[in-house]
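Asker: Task: produce atomic coordinates for the following.
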Amino acid sequence: MMNVLVIGGGGREHALVWKIAQSPKVARLFCAPGNPGVESVRNAECVPIPVTDFEALTKFAQENNVGLTVVGPETPLIAGIVDAFEAKGLRIFGPAREPAQLEGSKVYAKELMRKYGIPTADFVVQTDLSEAMAYSREYFSVHENKNLVVKAEGEAAGKGVMVCATIEEVEVALQRILVAREFGDSGSRVVLEEGLVGREVSLMAFTDGVTVVPMLPAQDHKRARDGDEGPNTGGMGAYSPVPFFTQEMIDYAVETVLKPTIAAIKTTGIPYKGVLYAGLMIEPDGTLKVLEFNCRFGDPETEVVLPLLETDLVDILLASTDATLRDVPIRWRSETAVTVVMASGGYPGQFKKGLPIEGLDQVTQLSDVVVFHSGTARNDEEAIVTNGGRVLSVTGVGSDFSQARARAYAAVRALHFDGAHYRTDIGYQLIS
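Answerer: Numbering: from 1, shown residues only. So this is what the prediction gives:
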């Protein structure tokens, strides 16, 4: 048996802790910094260390005989937490700093795809407002009915991508990124990208740098309001599997996107290990293109995919880290999961924190439902309160989509905090 440390404090990390705790190989389970939901998991203990304090985290891992560390968020991965742990001889799941630039720099990712023929939308990179505007005007003169996507180069908590239908919207986006520097240094360069139309799918995969094993696909719902209206968010819910993304399409994505990307990064001399997450667009004619890459488990995709995993997750994580993934058969439950995100009023804009959450004890009595804490804390009275934009990720599992969806929404209706909002149409694509 071994001790395991999970880095992060959101819904994704709660889901990882919840799944890892089911492994008979785990003795003690730590999460830094964790959240009140993590505290409720058997054998799990929260550790108040920030995700970017590599010195404190490596020291903790050494002193507590941690045999495996699992990184949730992108920020520490992009900053080099894997390099810091491996320098001290500690086993850690996730890509090293250089391969993690696949998410850390959209320019790096787009140029790598262009170089190696990995299908993606046409794009240009700009640093100057006037030049970016000139390109945008030319784009709209040629593509009258097509959107232009403006992306801040670096990490922006899922909010640095703006889909623009007019030149006026482009100017607002560029002002926010290049001039106001709303996303800091992440906005020093922008990617201007051809707007694609079709159906989006999230496909995550485990990899040890050679072997690539896809997880079940999921469909995220990025827009804040029903009907895919409102601003982009970090994700308002998801469902898995995705019926229209067939096994044949999954295999095609692995062969044309995931494997070539892993092979391309391997040429740099540092293999990519961990999770490779591809956001994909399936265009009306069936053409598949990459929208973006992430270097870690998605959120809320993790909360909807991991409940369907049959294989011991610890076995997969160890094999990915130790380059023996080919020896681990990965199995999934033949069921469906639906996750609904309950967000703070005003999200993804300004919102209040510290609002009491009611109903958490009641939903623990519901069958085939798990509530993952995405943005919660305890107040001075030890009550659980809101502490973020996305507060709870409520997952229902069922024999089919309708049953899973009904269970998730039944749990959502049993929960309450002031100003809570959520989409009522998660999985609308499957509702006849």
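Asker: quick one, domains of the chain?
Answerer: Each domain of the chain is listed here as a residue range: 2-97, 128-188, 199-327, 336-430, per automatic domain parsing.
Asker: mean confidence score for the second one?
Answerer: For domain 128-188, the per-residue pLDDT values average out at 90.
Asker: Could you double-check that Ala323 sits in contact with Val210?
Answerer: Yes: Ala323 is within contact range of Val210, at 6.8 Å (criterion: C-beta atoms under 8 Å). Glycine gets a C-beta too; all of them are placed from N, C-alpha and C.
Asker: show me the residues around the residue most central in space within the chain that make contact.
Answerer: Ranked by distance to the mean C-alpha position of the chain (C-alpha atoms, centre = their mean), the top residue is Gly298 at 1.8 Å. If you count contacts by C-beta atoms under 8 Å, 6 or more residues apart in numbering, Gly298 has them with 12, 202, 204, 218, 220, 235, 277.
Asker: any chance of the residues you listed in CSV, plus distance to Phe85 and neighbour count?
Answerer: Putting the contacts of Gly298 into CSV (distance: C-beta to C-beta, whole Å; neighbours: other C-beta atoms under 10 Å) gives the following:
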residue, distance to Phe85, neighbour count
Arg12, 19, 24
Ser202, 27, 26
Met204, 22, 22
Ala218, 28, 26
Asp220, 29, 25
Gly235, 28, 26
Tyr277, 21, 23
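Asker: Just name the closest of the residues you listed to Thr120, please.
Answerer: Of all those, Tyr277 has the smallest distance to Thr120: 14.7 Å, by C-beta to C-beta.
Asker: how about that closest one, what does it touch?
Answerer: 202-205, 293-298, 301.
Asker: now do 7 Å
Answerer: 202, 204, 293-294, 296, 298 (C-beta atoms under 7 Å, 6 or more residues apart in numbering).
Asker: Over to Pro356?
Answerer: 383, 385, 417.
Asker: how many other residues sit next to the second one?
Answerer: What it means is Val385. Residue neighbour count, defined by other C-beta atoms under 10 Å, stands at 18 for Val385.
Asker: And the first one, by the same measure?
Answerer: Close neighbours of Ala383, defined as other C-beta under 10 Å, add up to 13.
Asker: List the contacts of stretch 358-368.
Answerer: By C-beta under 7 Å, 6+ apart, stretch 358-368 touches 369, 371, 384, 396-398, 407, 410-411, 414-417.
Asker: ok so, going back, identify whichever of the domains of the chain lies nearest to Ser105.
Answerer: Checked against C-beta to C-beta, the stretch from those lying closest is domain 128-188, at 5.7 Å.
Asker: Between its first and last residues, how far does the closest one reach?
Answerer: Using C-alpha to C-alpha, to the nearest Å, the end-to-end distance of domain 128-188 comes to 9 Å.
Asker: doesn't Pro50 make contact with Thr75?
Answerer: No: counting by C-beta atoms under 7 Å, Thr75 does not reach Pro50; the two are 10.0 Å apart.
Asker: Of those two, which one has the most company?
Answerer: Neighbours were counted for Thr75 and for Pro50 using other C-beta under 10 Å; Thr75 has more, 18 against 13.
Asker: Okay, and that one sits in which element?
Answerer: Taking DSSP states H and E as the criterion, Thr75 maps to helix 74-79.
Asker: for this protein, which spans come out with low pLDDT?
Answerer: 157-158, 432 (pLDDT under 70).
Asker: In three-state terms, label the residue of it most remote from its centre for me.
Answerer: Centroid-distance maximum for the chain: Ser141 at 35.0 Å, with C-alpha atoms, centre = their mean. Put simply, Ser141 is helix when judged by DSSP: H, G, I helix; E, B strand; the rest coil.
Asker: hang on, the earlier thing: out of the domains of the chain, nearest to Tyr108?
Answerer: Between the domains of the chain, domain 128-188 lies closest to Tyr108; by C-beta to C-beta that is 8.6 Å.
Asker: hang on, the earlier thing: what's near enough to touch the residue farthest from the centre of the chain?
Answerer: No residues are in contact with Ser141 under the rule C-beta under 7 Å, 6+ apart.
Asker: How about the one 10 residues further on?
Answerer: Contacts for Lys151 were tallied using C-beta under 7 Å, 6+ apart; they are 106, 160-161, 190-191, 193.
Asker: Looking at those residues, which are in helices?
Answerer: Among the contacts of Lys151, DSSP state H puts Lys106 in helices.
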